[in-house]
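[1] just a sequence and a predicted model for now, questions to come.
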Amino acid sequence: MSSTPIIRFGPAGIPIQCEGGTLEGVNCCAELGLRAMEMEFVQGVRMKEEQAIEVGKTAKELDISLSSHAPYFINFCSVEEKKIGLSKHNLFAAAQATHWAGGRITVFHPGFYQKLSKEEAYKIAKGHLVELHEKIKAHGIKVVLGAETVGKPSQFGGFEEVVRLSEELGFIEPVLDFSHLHARRDFNIRDESEYVEIFKQLESRLGDYVQHFHSHFSEINYTAKGERNHLPLGSNNEPPFKPLIKVLSENGYSGTIICESPKLEYDALLMQKEYLMRKR
Ligand SMILES: [Zn+2]
């Protein structure tokens, strides 16, 4: 028996209108009627075990599903040993804190091609991720590593690459940042058809991933070099959110949408409203 499809919506970090830290953020999300929150460790992981456990306990009681975003200082394609060490350290620390908090997935930006060919970059990153996972496993950490589709063509982490990593490494799942997919031109998301195509590909290659996908949403300002900055919903409609909600509802997909627009929880609520209206 399959369960009722559900999409959880939440902000990337503590809601703007909420004062305090992560714990207050979780409480605030629950009060607003949101069902998810991503903990932003982007400038470094400072959350201690005791605090993470407390946050996790509250999130569980309030039915807020937690995820995290690892530090930006990660490049698994680097040829410098020091940078690889730092990348592993940062992603490990984020996964550890997420595990303490009972979160399911830690999102990370995989790296940069620099002078490498795409295939070289892929092989190098894959090797380091396998090594890192050994350590994560040895520590009993059961958190999925979420390879995000990143916003610039110079960054390693296109749709094809993150889906392939997930196909080849069971501990990795893609994190779909729709605005990035649009900005790096992996997809030209103008209407329903592109969302249908994205989910069709995910379903055929990763099976039940479409029943627990993790994603980021905002609109985006971009140039030929890719992403410039994230925009609130209704700014330029690139990509548009309503067709996404329609495709998700009509196909019964389940997962999480973390809102990364500058309006965080306000736009998360806007998307959730659209979703609930369609579900009725
Ligand atoms: Zn990100």
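    That came through, no problem.
[2] please make it C-alpha for all contacts and neighbour counts, starting now.
    OK.
[3] can you give me the strands for the stretch 101-250 of the chain?
    Here the stretch 101-250 of the chain has its strands, by DSSP state E, counting those that start in this stretch, at 105-108, 111-112, 144-148, 155-156, 172-177, 213-217, 219-223, 226-231.
[4] buried deepest among those, which one?
    Highest mean neighbour count of the strands of the stretch 101-250 of the chain: strand 105-108, a mean of 28 (counted as mean count of other CA atoms under 10 Å).
[5] any chance of the strands of the stretch 101-250 of the chain in CSV, plus mean pLDDT and distance to Met39?
    Listed next are the strands of the stretch 101-250 of the chain as CSV, based on pLDDT from 0 to 100; distance: least, CA to CA, whole Å:
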stretch, mean pLDDT, distance to Met39
strand 105-108, 98, 9
strand 111-112, 98, 21
strand 144-148, 98, 14
strand 155-156, 98, 23
strand 172-177, 98, 15
strand 213-217, 98, 13
strand 219-223, 98, 21
strand 226-231, 97, 18
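[6] could I get those in TSV, plus columns for distance to Asn188?
    Shown next, in TSV, are the strands of the stretch 101-250 of the chain (distance: least, CA to CA, whole Å):
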stretch	distance to Asn188
strand 105-108	23
strand 111-112	22
strand 144-148	18
strand 155-156	18
strand 172-177	13
strand 213-217	15
strand 219-223	12
strand 226-231	12
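[7] which one of those lies closest to Glu197?
    Closest to Glu197 of the strands of the stretch 101-250 of the chain is strand 172-177 (CA to CA; 13.2 Å).
[8] report the inter-axis angle for the closest one versus strand 213-217.
    30 degrees (axes from the mean of the first three to the mean of the last three CA atoms, to 10 degrees).
[9] partners of strand 172-177 in the sheet?
    Its sheet considered, strand 172-177 pairs with strand 144-148 (parallel), strand 213-217 (parallel) by DSSP bridges.
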